[in-house]
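**Q** fold the stuff below for me.
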Amino acid sequence: MALDENIYEIRREKLKKIEALGHPAYPRKYNYSHTVAQILAEYSGQTTEELESPRVTVRVAGRIMAIRLMGKAGFAHLQQDGQRLQIYVKKDAIGDAGFELWKLLDLGDHIGVRGYLFRTRTGELSIHADELTFLSKDLLPLPIGKEFESGGETKQSYELSDVELRYRQRYVDLIVNPEVREIFLKRSKLVQSLRRYFDGQGFMEVETPMMHPIAGGAVARPFKTHHNTLDMDLFLRIAPELYLKRLTVGGFDRVYEINRNFRNEGLGWRWNPEFTMLEAYQAYTDYLGILDTTQGSIGQAVKDVTGGMKTKWGEHEIDWSHANWRRMTMREAISKFWPAEAGPSPSREEFANPEMLLKRISEALNLQGDVAKQRMGSGDPPAVHERRKGVLHAFAEARHQIEDCGNSGKAIAALFEGVAEEHLMQPTIIYEFPTAVSPLSKQKPDEPDWTERFEIFAGKMEIANGFSELNDPEDQRRRFEGQLEQRERGDEEAHQMDENYINALSYGMPPAGGVGLGVDRLAMLITDSHTIRDVILFPLLRPEKISTPGDTEEK
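**A** Coordinates of the predicted model:
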């Protein structure tokens with residue numbers, strides 16, 4: 001029998017004994033007078049004398065996270081809502097029956113305690129129990145190690161260190177790892193701050209469908225499902241954009257939604273197939289107007305969650321003060337961060353001419369390849385080799401987009417991702433994107449191959465994407481038709497035709513700026529979490545066969 005199964009059976013027997021003492025195995029409720037947090041906040045500053053006159057009687061509930069038996073007395077620590085309070089149990093105070101219950105309790109059990117507050121000889125605020133109420137038995141062992149002294153404080157060691165197990169059993173992770181709980185408290189504050197900010201700017205929060213007849217609003221592969229009654233295929237939304245813009249047609253000038261999106265793509269430190277986005281649309285402005293709104297919301301959120309404008313990101317410190325934000329066009333960013341070993345960066349003329357750009361990229365690919373081979377056995381750090389490989393991949397992808405797909409816009413986007421993104425640690429606004437990768441954005445009046453679009457980067461990753469919304473129905477139809485051509489060439493992420501959306505635009509959509517802000521990624525940056533799984537309570541994982549102790553199924 002496995003250790004967990006053995007403990008499970010032992011604790012089941014204890015539960016039976018607790019029932020034999022007259023306690024319900026799973027009582028329905030417990031009326032407490034205080035939370036642990038309330039007691040700590042109100043009485044931590046009181047002296048022994050102040051606690052005794054008059055005596056303060058309380059009723060609290062919580063989970064046992066430490067327990068020490070000492071003959072006819074003992075101590076335990078109760079945890080409730082992330083905070084802990086010590087209790088002192090003495091046989092003379094709780095009686096024979098109460099002490100029998102005390103001896104049957106384990107780490108992880110939930111109990112209710114009635115008693116008065118006092119300070120122990122070491123000065124720790126505690127409850128002197130005169131009544132124990134059993135609330136729930138923990139049948140499986142919590143991964144709690146021993147207490148140890150550190151810096152004059154008593155700390156607890158935890159054994160739940162397996163990362164995948166932490167994600168699979170997040171409920172246990174939250175019990176034993178206080179820092180994990182703190183991450184999700186900060187995430188909650190982040191969402192609250194964003195909501196307050198947009199509400200304060202006159203935006204109305206709305207809800208739009210999560211099942212779409214057409215996968216639209218972004219360039220991504222969707223998840224597909226089927227509605228039996230209507231006998232129709234549907235897609236889990238990849239973005240709420242086209243529905244929110246329908247509302248601007250309908251007369252809601254400022255709308256936003258904090259939404260779950262689903263994209264059938266790979267997993268990575270920045271990607272989860274299910275993620276949270278705040279998407280907002282503001283009528284009678286352009287991409288620069290919604291950019292100001294977005295920048296303001298991010299700055300306010302950082303301040304609300306952390307109390308300042310600087311956050312730690314690994315070895316770096318990110319300064320979110322508005323004066324620290326950089327602004328560059330995509331072309332400027334490629335030129336600024338173009339590796340010197342790859343020859344001259346593309347000129348503005350080369351960016352505008354596919355043949356000239358292809359020549360420049362081919363030369364850069366050869367030069368970069370030669371350098372990569374020469375330096376392969378050198379003492380350069382692994383990160384430098386990985387960066388060279390990333391740049392080589394970007395050059396190869398860019399050449400492929402022009403040679404095989406005839407798409408210089410996608411080639412430029414590939415260059416930016418491979419050459420520039422790695423350097424965008426501090427908050428940076430990249431604007432003016434190729435039309436080829438921006439099917440829902442207005443083009444620049446003087447350069448139709450480029451659009452009025454921005455992305456915000458920090459910590460080397462994109463956290464927001466916005467643009468001047470395309471509201472010309474005929475131009476939108478042409479863009480969709482161009483996307484359909486890309487789908488015919490094998491691009492599974494290209495946008496589909498949406499006749500209903502074009503029909504909505506035909507009723508007249510006001511000029512507007514729109515933005516999508518990645519809540520998960522912003523939460524990563526604010527909490528110094530270097531994988532998106534650390535800020536999503538239940539990230540997607542491969543299925544695992546779970547064998548629960550006590551399961552009677554024949555193996």
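
**Q** distance of Pro543 relative to Phe235?
**A** Separation of Pro543 from Phe235 (CB to CB, to the nearest Å): 23 Å. Using the backbone N, CA and C atoms, a C-beta is placed for each residue, glycine as well.

**Q** with neighbour numbers in mind, choose between these two.
**A** More crowded of Pro543 and Phe235, by other CB atoms under 10 Å: Phe235, with 20 against 5.

**Q** surely the more buried one is in a helix?
**A** No - when DSSP: H, G, I helix; E, B strand; the rest coil is applied, Phe235 is found to be strand, with no helix at that position.

**Q** in contact with it, which residues?
**A** The neighbours of Phe235, taking CB atoms under 8 Å, 6 or more residues apart in numbering as the test, are Met211, His212, Pro213, Ile214, Ala215, Pro222, Phe223, Lys224, Thr225.

**Q** what strand or helix carries Asn259?
**A** Using DSSP states H and E, Asn259 maps to strand 254-262.

**Q** run the chain-centre distance for the following helix or strand past that strand.
**A** Using DSSP H and E, the helix or strand that follows strand 254-262 in sequence is strand 274-283. Relative to its chain's centre, strand 274-283 lies at 15 Å (CA atoms, centre = their mean, to the nearest Å).

**Q** can you give me the angle strand 274-283 makes with strand 254-262?
**A** Per axes from the mean of the first three to the mean of the last three CA atoms, to 10 degrees, the angle that strand 274-283 makes with strand 254-262 is 160 degrees.

**Q** in strand 274-283, which residues are buried?
**A** By neighbour count with 16 or more other CB atoms under 10 Å, strand 274-283 contains the buried residues Phe275, Thr276, Met277, Leu278, Glu279, Ala280, Tyr281, Gln282, Ala283.

**Q** please name the bridge partners of the first one.
**A** Under the criterion DSSP bridges, Phe275 forms beta bridges with Asn261.

**Q** what's the single longest strand in this structure?
**A** strand 57-70 (DSSP state E).

**Q** list the contacts of whichever helix or strand comes after that strand.
**A** Toward the C-terminal end, the helix or strand that comes next after strand 57-70 (DSSP H and E) is strand 73-80. Contacts of strand 73-80 from elsewhere in the structure, counted by CB under 8 Å, 6+ apart, are 35-37, 60-68, 84-91, 102, 105, 111, 113, 126, 175.

**Q** with stretch 184-201 instead?
**A** So stretch 184-201 is contacted by 82, 174, 205, 254, 256, 258, 276, 278, 280, 293, 296-297, 300-301, 304-306, 517, 519, 522-523, 526-527, 535, 537 (CB under 8 Å, 6+ apart).

**Q** identify those among the residues you listed that sit within helices.
**A** When DSSP state H is applied, the contacts of stretch 184-201 are split such that 174, 293, 296-297, 300-301, 304-306, 519, 522-523, 526-527 fall in helices.

**Q** picking that back up, parallel or antiparallel, which strands does the longest strand of the chain pair with?
**A** Next to strand 57-70 in the sheet, as set by DSSP bridges, lie strand 73-80 (antiparallel), strand 110-119 (antiparallel).

**Q** in the stretch 351-500 of the chain, where is pLDDT below threshold?
**A** The stretch 351-500 of the chain contains residues with pLDDT under 70 at 377.

**Q** stretch 328-343 - what's its average pLDDT?
**A** For stretch 328-343, mean pLDDT rounds to 95.

**Q** now that stretch - C-alpha only, CSV.
**A** Extracted as CSV, the C-alpha positions of stretch 328-343 are listed here (Å, rounded to 0.1, in the frame of the first residue of the first chain):
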residue,chain,number,x,y,z
MET,A,328,9.7,53.9,-31.8
THR,A,329,8.2,52.9,-35.1
MET,A,330,8.6,49.3,-36.1
ARG,A,331,11.1,50.3,-38.7
GLU,A,332,13.1,52.4,-36.2
ALA,A,333,13.2,49.5,-33.8
ILE,A,334,14.5,47.1,-36.4
SER,A,335,17.2,49.5,-37.4
LYS,A,336,18.1,50.4,-33.8
PHE,A,337,18.6,46.7,-32.8
TRP,A,338,19.9,45.3,-36.1
PRO,A,339,22.9,43.2,-35.2
ALA,A,340,26.2,44.8,-36.5
GLU,A,341,27.5,41.4,-37.6
ALA,A,342,24.6,41.2,-40.1
GLY,A,343,25.7,44.2,-42.1
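
**Q** quick one: buried residues of the longest strand of the chain?
**A** Quick answer for strand 57-70 (16+ other CB under 10 Å): Val58, Arg59, Val60, Ala61, Gly62, Arg63, Ile64, Met65, Ala66, Ile67.

**Q** before we move on, back to that, which of the ones in helices among the contacts of stretch 184-201 count as buried?
**A** Counted by 16+ other CB under 10 Å, these give 174, 293, 297, 300-301, 304-306, 519, 522-523, 526-527 as buried.

**Q** with pLDDT and distance to Asp199 added, can I get those in TSV?
**A** As requested, those are arranged in TSV below (pLDDT from 0 to 100; distance: CB to CB, whole Å):
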residue	pLDDT	distance to Asp199
Leu174	93	29
Thr293	98	12
Ser297	98	11
Gln300	98	12
Ala301	98	13
Asp304	98	14
Val305	98	17
Thr306	97	21
Val519	98	16
Leu522	98	18
Ala523	98	20
Ile526	97	20
Thr527	98	24
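
**Q** please identify which pair of the residues you listed lies farthest apart.
**A** Leu174 and Thr293 (34.0 Å; CB to CB).

**Q** still on that earlier bit, so which of the buried residues of strand 274-283 comes closest to Phe134?
**A** Thr276 (39.0 Å).

**Q** just checking, that closest one touches Phe262?
**A** No - if you go by CB atoms under 8 Å, Thr276 and Phe262 don't touch, sitting 11.1 Å apart.

**Q** tally of neighbours for Phe184?
**A** For Phe184, using other CB under 10 Å, the count is 17.
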